[in-house]
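1. whatever this is, show me its structure:
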Amino acid sequence: MKQDEEKQRQAIVKEALEWLNTPYHHMGRVKGAGVDCGMFLLGVFENCGLINHVKVDYYPHDWHLHRDKQQYLEWLSQYTKPVDVPEPGDIVAYKYGRCISHGAIVIRWPQVIHAYIDLGVVLADASKGELAVRQQGFYSYWGE
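-> Numbers count the residues shown, from 1 in each chain. Next up is the predicted model:
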């Protein structure tokens, strides 16, 4: 792993942890005030300077229950590539509803951090429970 990549990955993990306990808020993107899972990923990567600010149009909170189109995955694919083994700072994608619609940042596999309805930004063990069953793949900003 290149030195710049290692520093960027550490910055992503550090920034993500600073969002810990931020309440869940649909379409929110304010550290400490409110965020949803997609906006959490954007906020972390934007705050680390890896991507420019992304304007997101309105989407209903239950969009993933009524559509088969892989909108979340299409967005994720603009910035990342699939990888087989997750490293700190990579993203894990999950299927809720009819398509991939949730993401978490890897702290150190299997520990992840994500924004979850009713819980806000929390740490979780992605190898257990609901997250393990819904896991759809790993994606990396640094993927080849």
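
2. just the element for residue 15, please.
-> Per DSSP states H and E: residue 15 is located in helix 3-18.

3. what residues are up against residue 83?
-> 90, 138-140, 143 (CB atoms under 8 Å, 6 or more residues apart in numbering). (C-beta placed from N, C-alpha, C; glycine too.)

4. measure the residue lying closest to residue 138 once chain neighbours are set aside to residue 93 for me?
-> Computed as CB to CB, 6 or more residues apart in numbering, the closest residue to residue 138 that is not its neighbour in sequence is residue 86, at 4.3 Å. Per CB to CB, to the nearest Å, residue 86 is found 11 Å from residue 93.

5. shared neighbours, these two?
-> residue 138.

6. which residues of this structure fall in strands?
-> Counting by DSSP state E, one finds strands in the chain at the ranges 29-30, 34-35, 81-83, 91-96, 99-108, 111-116, 120-125, 135-140.

7. off-centre distance for the second one?
-> When you say that, I think you mean strand 34-35. 13 Å (CA atoms, centre = their mean, to the nearest Å).
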